[in-house]
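A.B. asks: Below: sequence and its predicted model.
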Amino acid sequence: MGQTLCICSRGSLTIDNKRYYFIQKLDEGGFSYVDLLEGVQDGRFYALKRILCHDREARQEAQTEVEMHQLFSHPNILSLTAHTFVDRSGKSEAWLLLPYISKGSLWSVLEKLRDKGSSMPERRILHILHGICSGLKTIHERGYAHRDLKPTNVLLDEDDRPLLMDLGSMNKARIEVRGSREAMTVQDWAAQRCTISYRAPELFNVESHCIIDARTDIWSLGCVVYSMMFLEGPFDVVFQKGDSVALAVQNSVVIPQPCSYSEGLQSLLSSMMVSNPQERPAVGWVLDQVQDLRTRSPNTHTHMV
Ligand SMILES: Nc1ncnc2c1ncn2[C@@H]1O[C@H](COP(=O)(O)OP(=O)(O)OP(=O)(O)O)[C@@H](O)[C@H]1O
């Protein structure tokens with residue numbers, strides 16, 4: 001993988017001896033671009049994520065993102081079709097070819113609902129949450145943590161199946177912090193790699209002697225559930241107002257009332273959004289709760305609008 005690449009003509013390129021047509025741009029970030037491609041042979045659509053690697057460290061990070069994709073083969077974790085590194089006029093780019101997931105990100109779906117003045121029915125939340133938990137459980141069982149779980153990093157396919165993506169911040173779940181220097185290193189890393197409004201409290205002020213584990217993802221998962229329920233993240237307003245998210249995450253999350261979602265879903269949300277990581281549940285427990293909520297009478301867990 002990643003051996004052969006040429007830009008054959010305007011509008012088409014070759015990766016691993018397979019040709020793809022460029023269709024359109026999908027997204028552009030600070031250090032990456034995502035384009036929509038169509039496979040010439042198979043007629044399928046792909047998303048090509050091009051990561052600009054300004055230095056050796058950035059290249060290593062892109063390589064790690066590739067390796068993380070290759071670790072997993074799971075229906076709720078985005079697979080990697082091919083990859084290559086392109087070096088042109090002194091600049092390096094990592095190219096990750098991914099299956100194109102047509103509905104886009106969970107965030108874009110939530111934005112559309114908000115624009116329509118609508119909301120997400122509880123059974124749909126539970127369906128999506130079930131898939132996210134399944135993917136996350138696999139990641140945690142292999143000893144890793146995603147570290148940047150948020151609605152823009154969850155894609156939805158035509159059947160509303162969620163796929164976890166952007167594995168660039170993923171690392172070993174258990175981080176043992178020994179001393180203030182190591183604590184500062186972890187904190188600085190988190191400030192760069194874990195999106196502030198979904199970042200777990202323990203990553204804002206890393207203690208000198210502590211263990212960071214996969215429960216950082218449970219906090220972010222809680223923020224994702226909140227987003228599905230209220231169409232905005234729990235700390236979006238704090239962040240937009242320029243107030244301190246680090247401070248806000250120290251208090252219990254207030255669930256806006258009146259809330260038309262079931263007591264069960266509300267209490268599941270509260271169980272994840274606990275400041276002390278020791279009191280947060282493991283993903284397996286969350287998955288069991290979701291299964292339980294899904295099997296209860298549809299009338300009690302359907303949020304009608
Ligand atoms: N396989 C895909 N199918 C459909 N859309 C995709 C795919 N991959 C990426 N995208 C779109 O591109 C966006 C950015 O992708 P990605 O999160 O991987 O890039 P990023 O530069 O790491 O972004 P960020 O740093 O903001 O998280 C996604 O939110 C999604 O809208």
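C.D. replies: Structure's in. What do you need?

A.B. asks: where do the strands sit along this protein?
C.D. replies: 5-9, 12-15, 18-28, 32-39, 45-53, 82-88, 91-99, 144-145, 154-156, 162-164, 171-172, 175-178, 209-212 (DSSP state E).

A.B. asks: How far does the last one sit from its chain's centre?
C.D. replies: Meaning strand 209-212. 23 Å (CA atoms, centre = their mean, to the nearest Å).

A.B. asks: which residues of this protein fall in helices?
C.D. replies: 56-71, 106-115, 122-141, 180-193, 215-230, 236-240, 245-248, 263-272, 283-295, 298-301 (DSSP state H).

A.B. asks: Report all helices and strands that the fourth one contacts.
C.D. replies: Under the contact definition 3 or more CB pairs under 8 Å, 6 or more residues apart in numbering; DSSP states H and E, helix 180-193 sits against strand 175-178. Backbone N, C-alpha and C define where each C-beta goes, glycine included.

A.B. asks: buried set for the strand it packs on?
C.D. replies: 175, 177 (16 or more other CB atoms under 10 Å).

A.B. asks: Please apply the same query to stretch 248-261.
C.D. replies: For stretch 248-261, a neighbour-count test (16+ other CB under 10 Å) marks 248-249, 253, 255, 261 as buried.

A.B. asks: Stretch 90-100 now?
C.D. replies: Buried residues in stretch 90-100, counted by 16+ other CB under 10 Å: 92-100.

A.B. asks: Tell me who's in contact with the residue in the stretch 151-300 of the chain positioned nearest to the ligand.
C.D. replies: Nearest residue of the stretch 151-300 of the chain to the ligand: Asp166, at 3.8 Å (CB to the nearest ligand atom). Counting by CB atoms under 8 Å, 6 or more residues apart in numbering, Asp166 touches 148, 152-153.

A.B. asks: Can you pull the phi/psi pair for it?
C.D. replies: Main-chain dihedrals, Asp166, degrees, to the nearest 10: phi 50, psi 70.

A.B. asks: picking up where we left off before, just send the buried residues of stretch 90-100 back as a markdown table, with distance to the ligand and pLDDT too.
C.D. replies: What follows is the buried residues of stretch 90-100, written out as a markdown table (distance: CB to the nearest ligand atom, whole Å; pLDDT from 0 to 100):
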| residue | distance to the ligand | pLDDT |
| --- | --- | --- |
| Ser92 | 16 | 90 |
| Glu93 | 13 | 93 |
| Ala94 | 11 | 95 |
| Trp95 | 12 | 96 |
| Leu96 | 8 | 96 |
| Leu97 | 9 | 97 |
| Leu98 | 4 | 97 |
| Pro99 | 6 | 96 |
| Tyr100 | 5 | 97 |
